[in-house]
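Enquirer: Need a 3D model of the sequence below.
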Amino acid sequence: MPRKTTVDRLIRGRIKQGNETKRNKKEVRVKRAEKAVEARKLRSGRTSFTQAIIEQKMKESSTQTTINNLIDASYCIGRYFSRFRSRYYRKTTRTA
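Expert: Predicted structure coming up:
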């Protein structure tokens with residue numbers, strides 16, 4: 001039978017190892033969360049490629065038919081243009 005102090009030392013060593021692994025897991029989680037926050041910050045300022053092209057074309061020529069054609073061509077950004085389209089129609093279709 002080993003001495004009591006030896007058993008206590010072994011138990012303390014196991015507890016210490018467990019605490020270190022928990023701490024390491026927490027540190028890894030924190031690092032991943034920080035990376036995710038940085039990635040979100042980088043992405044938030046960018047516009048998608050198709051949206052940038054369409055906005056550029058809208059600035060160049062803003063006739064209603066061109067806008068309608070762009071809306072039809074860009075099915076992936078339909079919600080963005082539907083908001084714009086409704087504002088445009090509200091401005092132009094008012095009767096005095």
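
Enquirer: Quick check: residue 34 vs residue 16, distance?
Expert: From residue 34 across to residue 16, the span is 27 Å (C-beta to C-beta, to the nearest Å). Bear in mind the C-beta positions are built from the backbone N, C-alpha and C, glycine included.

Enquirer: Sorry, wrong one. I was asking about residue 9.
Expert: In terms of C-beta to C-beta, residue 9 sits 10 Å off from residue 16.

Enquirer: Tell me which helix or strand residue 2 sits in.
Expert: Following DSSP states H and E, one finds residue 2 outside all helices and strands.

Enquirer: what's the burial count for it?
Expert: Neighbours of residue 2 under the rule other C-beta atoms under 10 Å: 8.

Enquirer: do the one 4 residues further on as well
Expert: Applying the criterion other C-beta under 10 Å, we find 10 residues in the vicinity of residue 6.

Enquirer: For it, what is the enclosing helix or strand?
Expert: helix 4-44.

Enquirer: pLDDT of that helix, averaged?
Expert: Per-residue pLDDT over helix 4-44 has a mean of 85.
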